[in-house]
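**Q** turn this into a model:
(one chain, ligands or ions: 1)
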Amino acid sequence: MNVLFCVAEAAPFAKTGGLADVAGALPAALRRNGVDVRVMMPHYRGISRQGLQPVMRARSEIGGTDIEGAVWLGAFPNGTPVYLLDAAPLYDRAGLYGEGGRDYDDNLVRFVFFCQAAVVLMRDGWAPDLAHCHDWHSALLPAYLRMHRSRVPTLFTVHNLAHQGTFPAEQFPITGLPHEAFTPDGVEFYGKLNVMKAGLISSHALSTVSETYAKEIQTEEYGMGLDGLLRARSADLFGVLNGVDYSLWDPSVDPSIPARYSTDDLAGKSVCKASLQHDLGLPVDARVPLIGTVARLVSQKGFDLVASGLDAIVSMGAQVVILGTGDPAYEAAFRAAQSRIPHQVRALIGFDERLAHRIEAGADIFLMPSRFEPSGLNQLYSLRYGTVPVVRRTGGLADSIVDVTPENLHLGRANGFVFDHYSTEALVATVGRAIAAYRDQGLWRWLQQVGMRADFSWDRAAERYLALYAVTADRAAKWR
Ligand code: ADP
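**A** As a prediction, this is how the structure comes out:
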C-alpha cells in the first residue's frame, strides 16, 4: 500500500509543535509495517537541498496570480521519503505560519498552492492508494480530489480543532472551489471561509489524536463550533492516541542530557536534576521537588492556572521551571514571577529542543493542566523519563495518565496526578498531592517505575492507523 502523508510540518525538518513529531515518526512506524508512506510538505527555509532529486514542476493560477514551484524528493534522517514543495516566495521565510505572533497574510494562498501541487503530484509524480491529510493546511486536498473525481480514499486527521484556517469570505475565490461550496453545508462558517471544514466534509474517514478528544469534539464545550458537523460524521470519526519516538525520547539513549539512566538505575536522573538546577542558577538541592513544563504558552495549555497558582505552588517548597514561547502576556507574567521569586522560578522564554530534553530528565514533576489537549506528547515523554505528570483529565491526558488513588495504586496502573475541574484550586491541590507523594521515596520510585515501563511507542499507534486505512478504503468504496 502507498500512502501520501500531506502535512505542513514534520520533524526534524520543520517544527512548531506536536504535529511535527507525529509527521516525523508515524510514517516511519508505518513503513516498518510494510506501508510505503511518503510525506509531502513545503520546502521551508533552512531545509538542506543536499541530495534532493527533482520530481516535477508545479504551477497554479491562484486568485489571478500565476504561482510556480517545483517538487523535490528527499528523505528524513530516519529514511522516510519526503516530497518537498519548493516555491521560494511562499515558503522561504523566517517562520512556518507567521512571525512575531502574527500569521502571514497570504497563508491561504500558501496552503492552497500546497494542496493543488499535491493533486498534481498524485497524478503525475507518485500515485498513492490513500491520501492522509492533517489539519487545515492540507484540508483542501480531499475537496480537490473530489472535484477531480479521484477515487483515492482520503483520511483527514484533526490534530487541534482550535486551528481551523478561517479567512474572510472575500478570500474564498482563492480556494478555486465552486461557488456553491460557500454555504453553511460547505466551507462557510459564520460568514467566513473555514478551510478545515473542507477536510471534514470531503474526506472518507476522519480521525483525531486520542479517543477522548474524538468524543469531546462532538460536544458544544470542545467542538469549537464544529461539533454539529462532527456529530453528523460520528460513524466515520475515530481516535488514535499519538505515540512516542523512543529513539529520540528515552533517557537511556538521549544525547541531550548530561547523564543517561533507565528503570534499573535512576542515578543518572539525580545528575540531570542537579545539572539543570546548577545551569539555571537555582539552588542545587536533591530534596527540593523540581516541577517542569515545556509547551506553547497559550491558554489551551492551562497557563492561566499556572500563573494564578504559582505562588501557592512555590510556597509548598517547589522549584518551577517553565520553557515556552507564545502569548506575550504569559511570557511577561512568568518573567515577572522569576524576578519576584528568583530562588524558585525560572521562565525560559524560547524554543529550545535540547533544553526540553533536559527538563524532561531533570524535573521530578511535569505540569500539564490543559484546558483541552488533543493528544499531548510531553506527558508521554515524562513517563519515560521518570518525571511524574500532573495533568487535567481531558483529551489524550485522560487516555494516558492514571490518577494516584488507592485502587489504581493497588492495580499497579497509577502513573500520575489528575484533576477534573479547571480551576487554580484544583491545580494547586493536585500539585500538593504530588509533592506529598514525592516526599515518600518508596511511593515515588514505584510511580516512576510504572511510568517508565509503559509502552506508548508509535508501533502501537501504527497498527491502529493500518486498521483505519482499511476502514477509509472501505468507506471510499461505499461513497462511489
Ligand atoms: P502541541 O502540539 O499542542 O504544541 P504536544 O504536547 O502535542 O503539544 O507537542 C508539543 C511538542 O513541542 C513537544 O515535542 C514539546 O517538547 C515541543 N515544544 C513545545 N514548546 C517547546 C519549546 N519552547 N522548546 C522546545 N520544545 C517545545
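**Q** CA atoms for contacts and neighbours, from now on please.
**A** Will do.
**Q** now the chain, which segments are flagged as low pLDDT?
**A** Along the chain, the parts satisfying pLDDT under 70 run over 480.
**Q** pop the domain breakdown of it in here.
**A** Residue ranges for the domains of the chain, per automatic domain parsing: 2-243+459-479, 267-454.
**Q** chain center to the longest one, what's the gap?
**A** Relative to the mean C-alpha coordinate of its chain, domain 2-243+459-479 is positioned 14 Å out (C-alpha atoms, centre = their mean, to the nearest Å).
**Q** also stretch 242-250?
**A** In terms of C-alpha atoms, centre = their mean, the centre of stretch 242-250 is set 13 Å apart from its chain centre.
**Q** buried ones in stretch 405-423?
**A** Neighbour-count burial for stretch 405-423, with 16 or more other C-alpha atoms under 10 Å as criterion, is recorded at 409, 413-419, 422-423.
**Q** count of residues packed around residue 247?
**A** When neighbours are counted by other C-alpha atoms under 10 Å, residue 247 registers 12.
**Q** I figured it hits residue 253, correct?
**A** Yes - distance between residue 247 and residue 253: 7.3 Å, which falls inside the contact criterion (C-alpha atoms under 8 Å).
**Q** just to revisit the earlier point, reformat the domains of the chain as TSV; add distance to the ligand.
**A** Formatted as TSV, the domains of the chain follow (distance: least, C-alpha to the nearest ligand atom, whole Å):
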stretch	distance to the ligand
domain 2-243+459-479	3
domain 267-454	3
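**Q** now render the ones you listed as a markdown table, adding distance to residue 257.
**A** Output for the domains of the chain, formatted as a markdown table (distance: least, C-alpha to C-alpha, whole Å):
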| stretch | distance to residue 257 |
| --- | --- |
| domain 2-243+459-479 | 19 |
| domain 267-454 | 5 |
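**Q** not counting its neighbours along the chain, what's nearest residue 26?
**A** What sits nearest to residue 26 in space, not counting adjacent residues and going by C-alpha to C-alpha, 6 or more residues apart in numbering, is residue 458, at 6.2 Å.
**Q** just curious, which of the buried residues of stretch 405-423 is nearest to residue 274?
**A** Taking C-alpha to C-alpha as the measure, residue 274 lies nearest residue 416 of the buried residues of stretch 405-423, at 22.7 Å.
**Q** quick check on that closest one: phi, psi?
**A** According to degrees, to the nearest 10, the main-chain angles of residue 416 amount to phi -180, psi -170.
**Q** who's in contact with it?
**A** Taking C-alpha atoms under 8 Å, 6 or more residues apart in numbering as the contact definition, residue 416 lies against 388-391, 401-404, 447.
**Q** which ones among those residues map onto strands?
**A** The strands in this structure, assigned by DSSP state E, contain 388-391 from these.
**Q** what number of residues lie near residue 339?
**A** So residue 339, with other C-alpha under 10 Å, has 13 neighbours.
**Q** please identify the helix or strand for it.
**A** When secondary structure is defined using DSSP states H and E, the element that contains residue 339 is helix 328-340.
**Q** helices or strands up against the very next helix or strand once past that helix?
**A** Tracing the chain C-terminally past helix 328-340 and defining elements by DSSP H and E, one meets strand 345-349 next. Packed against strand 345-349, as judged by 3 or more C-alpha pairs under 8 Å, 6 or more residues apart in numbering; DSSP states H and E, are the following elements: strand 319-324, helix 328-340.
**Q** buried deepest among those, which one?
**A** Using mean count of other C-alpha atoms under 10 Å, the stretch among the helices and strands packed on strand 345-349 with the greatest mean number of neighbours is strand 319-324 (a mean of 23).
**Q** please identify the pairing partners of that one and their relative orientation?
**A** Note on strand 319-324: by DSSP bridges, its sheet partners are strand 290-294 (parallel), strand 345-349 (parallel).
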